[in-house]
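Novice: after the sequence you'll find the predicted model.
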Amino acid sequence: MQETSVKRYPLDLFNNEEICNPLTLIWLDKTCNDDLLDPSYVRTLLKKSHQNCLFYNDIKVFIEHIHKQLIFQKKSIERIFLPLTHDLDENRQFNTIRFLKTKSSYNTNAVYSYMLFVEILKEVPQTDQAKDYMLNKIKDWNRFNPTQLEYIETFRNTYKPNQAIKWYTEQSFMYIYVNRAFRTENVSMWYLFRFYIKDLCEQIEQVYHEQNNKECLILYRGQGHLPKQEFENLCSNIGGLISTNGFLSSTKSFPLAEFFLGGAHDTETSCAVIFEITVDAKNLKSTIFVDISQHLPELGEEEILFNIGTIFQIDSVEREEDFWRIKIHATDDGSMEIKDKMDLMKKKFKTTNLNLLFGRLLIDMGLFDKAQSYFNLILQILPEKHQDLPLINDHLGDLQMRIPNYNKAFKHFQLSLNLKEEFFSKDCTKMCITYNHLGNYYKAIEDTSKAFYYYEKTLKYEDNLINIGITKLNLSSIYLMKREFEKAEKICLDAHEIFHKLEPPSYGEILLCQGILGDISFERKGYQQAESFYHVAFDMAKKYFSFGDSRLINCINALANFYQKQGNTSYALYFCYQQLNEHKKYLSDENHLNIAQIYMKIADLLNDKNYYRRALKIFQNNLRKDYFSNANCLLKLASFYSNEQSLYCYIKANKLYKKIYPKNHSSIIKTQKQIDELKKMNIIEKSFEQEPILIDYLNQFIFNNNSIHLNNQSSSLQTLDHQSNIEL
């Protein structure tokens, strides 16, 4: 057999992470946030080279944000310059609040995924190599700060696991980096700090059990600049559940919490608040906290430190003379569901490579750039004949399928198959993982016969029930594509039954079953039944998946398409606007790809060029690529334009399709035909004959010209994503 060499990727997992470098790049200029070509292009380049970038075109906003975001605080008051007291504990505030239960949804999955990362980190064995790598990175970031360098070396030489709380509470550098990594949800940094995070979590749990605190505590936390959007979300969700990212600090002293406000008042963008936190310890089982005054009495602190993942319920929001008092209480509500999932995953830890599981979770959460960097780093470390190499290529191929870049995905799957044929027997169950991936690939490029071939090969491996269910689900989608509805329904119901038998049930796959059954009913003109299936899928997505998850957006599209096809466009629009507002409210990033997807659906319903342009702007400026949606959006826009503008859209879409599909795919051929026809019309001026110049010129035109005549166009049905993957 021909020997297969594994490509080495000279990439640093933390090369482009904003949090690992404490430096922030600021661009203050009247034009820096304009939509013109040059500023937009420069912003994209800056973000790619240094993700911790801020852009301001208003000096007043700039000054206010400096106070909110860019001043690192230390714990002890005596180390703070008096002019900065109003920002004293800003980095320990509710900077990122996760809404688990709102008036419109109940979703513990957001915290579950977050906690699962931490649980994996706690299971990874401690090594001196991990400690040294962490400290060397911190030294590099503080190379011009001799005081911090001294602290770092002291940590290296004297640190013990039973000092984790002391270092977090007492010293500045460890607190700053760990807290900020969690606040910004920088998972790669969590992995970098796994050595210390594991110790801190475990010591908090240990001290909590030793203290055995059964009091009913009233605690406080002052925050001078709670973002206005988060404040409004809290006000509109009384009775809802929230959790905070990272370790949460509070105080027994109301005057101290009030002092932390530093005289701050409400502004257009923020509110001055004090959180009043009730902890009825004797009636709580899942709320883990440490009384610092008991554990480290020499510090003279009145601090209570909560562990990661603590859940609170919002009781009320009351106006005081100078601030808002937000009353919340610690609760076990939602914690048992999370614990059950965690226990199930702990069982999986015993047989699964933790390094691969960590990367798998990155993919499942949609953190594709981080996942790719992570797996490429693992490829660097592993020897050339390591048996994890084919599994890593399975993961990398699956990642490329989601972008999608089917060409790269196929290369990874083919390499994985070659390695497995070299390392394992054909009866090894690991073979079925790659067969399923190849089936997904051929289905995506619309070669149903080859897709069917690989799915049938996967079914021969009968020792894993969930894999059988997933393969049947994929086969059902093939029968649906071939319009063999009876076969599609039967095999989908078989898969549905399998997923319900699992403990706990596999909700992601059950949701896909509901979508396929809805599509089958719709094609059979069973519209009432189809609507019921789509609604069940949508309700499940809201319950089990967080805002930003692609499965939720697929359910939204399916329902909107259903209403549109039924001729109820007005309700489809109402539904989409409702979901758009929800996503903007609970997603911290208004340029999230899922918001672009909703813009696309609204544009379809309204036949509105401007909504397509909004979507395109997000697709083109987002560091997380979505080639397929980007290309489709360009083709939609092409129908509104004529001549040069239309040509621009087709050229860009064609380039994206060439990244997605193999040569001679119908999508590439169709767009190339449109390009050739437009070129035959001699619409290109001499100065634009070179394609890059034409694209630069027209890119500016597309985003700044509002006078193009509207043409009629139809929108096609976009159903739920029917691709599913074998468990690794």
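Specialist: Yep, it's here. Numbering: from 1, shown residues only.
Novice: what sits against residue 295?
Specialist: The contact partners of residue 295, by CB atoms under 8 Å, 6 or more residues apart in numbering, come to 165, 207, 211. From N, CA and C alone the C-beta is placed, and that goes for glycine too.
Novice: which ones among the residues you listed map onto strands?
Specialist: Among those, no member falls in strands (DSSP state E).
Novice: give me the buried subset of those residues.
Specialist: Among the contacts of residue 295, those classed as buried by 16 or more other CB atoms under 10 Å are 165, 207.
Novice: tell me how the chain divides into domains.
Specialist: 25-71, 90-100+214-341, 109-206 (automatic domain parsing).
Novice: all helices of the stretch 501-650 of the chain, in order?
Specialist: In the stretch 501-650 of the chain, the helices defined using DSSP state H, counting those that start in this stretch lie at 507-523, 527-544, 550-565, 569-586, 593-606, 609-621, 627-638, 644-660.
Novice: out of the ones you listed, which gets nearest to residue 336?
Specialist: Residue 336 lies closest to helix 527-544 among these, at 15.1 Å (CB to CB).
Novice: on that earlier part again, would a markdown table of the contacts of residue 295 with pLDDT and distance to residue 490 be doable?
Specialist: As requested, the contacts of residue 295 are exported to a markdown table (pLDDT from 0 to 100; distance: CB to CB, whole Å):
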| residue | pLDDT | distance to residue 490 |
| --- | --- | --- |
| 165 | 94 | 58 |
| 207 | 96 | 57 |
| 211 | 94 | 58 |
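Novice: distance to residue 634 added to the contacts of residue 295, as TSV?
Specialist: As requested, the contacts of residue 295 are exported to TSV (distance: CB to CB, whole Å):
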residue	distance to residue 634
165	53
207	57
211	60
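Novice: the residue nearest to residue 647 when sequence neighbours are not counted: neighbour count?
Specialist: Closest residue to residue 647 apart from its sequence neighbours, by CB to CB, 6 or more residues apart in numbering: residue 678 at 4.6 Å. By other CB atoms under 10 Å, the residues close to residue 678 number 20.
Novice: same check on residue 570?
Specialist: Residues near residue 570, counting by other CB under 10 Å: 10.
Novice: now residue 451
Specialist: Using other CB under 10 Å: residue 451 sits among 23 other residues.
Novice: contacts for whichever strand or helix holds it?
Specialist: Taking DSSP states H and E as the definition, one finds residue 451 inside helix 448-459. Residues outside helix 448-459 that contact it (CB under 8 Å, 6+ apart): 432, 435-436, 438-443, 467-468, 471-472, 474-475, 478, 481-482, 726.
Novice: okay, buried residues for that helix please.
Specialist: 448, 451, 452, 454, 455, 457, 458, 459.
Novice: against residue 357, how distant is the fifth one?
Specialist: Residue 455 is 25 Å from residue 357, where distance means CB to CB, to the nearest Å.
Novice: wait, residue 522 touches residue 563, no?
Specialist: No: using CB atoms under 8 Å, residue 522 is not in contact with residue 563, being 11.7 Å away.
Novice: buried residues in stretch 543-556?
Specialist: Here stretch 543-556 shows 544-556 as buried, counting by 16+ other CB under 10 Å.
Novice: for the helix holding residue 451, what is the average pLDDT?
Specialist: Averaged over helix 448-459, pLDDT sits at 94.
Novice: confidence score at the residue lying closest to residue 521 once chain neighbours are set aside?
Specialist: Using CB to CB, 6+ apart and skipping residues adjacent in sequence, the residue nearest residue 521 is residue 530, 3.8 Å away. Per-residue pLDDT puts residue 530 at 96.
Novice: likewise for residue 693?
Specialist: For residue 693, the predicted pLDDT is 45.
Novice: what is the mean pLDDT for whatever helix or strand residue 189 lives in?
Specialist: Using DSSP H and E, residue 189 sits in helix 187-192. The pLDDT scores in helix 187-192 average 78.
Novice: for it, name the packing helices and strands.
Specialist: When contacts are defined as 3 or more CB pairs under 8 Å, 6 or more residues apart in numbering; DSSP states H and E, helix 187-192 packs onto helix 109-123, helix 128-141, helix 172-183, helix 368-381.
Novice: mean pLDDT added to the ones you listed, as TSV?
Specialist: Below are the helices and strands packed on helix 187-192 laid out as TSV (pLDDT from 0 to 100):
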stretch	mean pLDDT
helix 109-123	70
helix 128-141	90
helix 172-183	83
helix 368-381	82
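Novice: give the contact list for the closest residue to residue 303 other than its chain neighbours.
Specialist: Excluding the flanking residues, the one nearest residue 303 by CB to CB, 6+ apart is residue 292, at 4.1 Å. For residue 292, the contact set (CB under 8 Å, 6+ apart) comprises 165, 169, 299, 301, 302, 303, 304, 305.
Novice: of those residues, closest to residue 599?
Specialist: residue 305 (42.0 Å).
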